[in-house]
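# Only the shape, not the letters, is given here:
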């Protein structure tokens, strides 16, 4: 089956639809959020995923990713990126000790 023919109907609640429309219209919306919101809005019906990808100007896997995210997490899922582990591994404890030796104990108070 050709995946471009998949039609996913997200069935957005009226409040969610208004929120997404506001994101698309607002000139201060982060530009990475606008295509996500447009994908969700266009997926609220029987429009084919391939047509959505073409209209928004993104790849088909991108359309499927954001449709799936809205299905799983709702509109909130569009507003934040997934967290990813750091590319730089944490330093081993022995390396930290060698580079940052423990400081000297505080001086004793004398009266």
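Received, thanks. Here the structure is a predicted model, which means the values were calculated and not measured.
# does the most centrally placed residue in the chain belong to a helix or a strand, and which?
Against the mean C-alpha coordinate of the chain, by Cα atoms, centre = their mean, the closest residue is residue 81 at 2.4 Å. Here residue 81 sits in a region with no helix or strand, counting by DSSP states H and E.
# what's the spacing between it and residue 65?
Distance, residue 81 to residue 65, using Cβ to Cβ, to the nearest Å: 11 Å. The way it works is simple: take the backbone N, C-alpha and C, and place the C-beta from them, glycine included.
# same deal with residue 97?
Distance from residue 97 to residue 65, by Cβ to Cβ: 43 Å.
# Between those two, point out the one with more neighbours.
residue 65 (14 against 11; other Cβ atoms under 10 Å).
# what helices or strands is the one helix or strand that one maps to leaning on?
Element membership for residue 65 (DSSP H and E) is helix 60-73. Packing partners of helix 60-73 (3 or more Cβ pairs under 8 Å, 6 or more residues apart in numbering; DSSP states H and E): helix 33-42, helix 49-56, helix 76-79.
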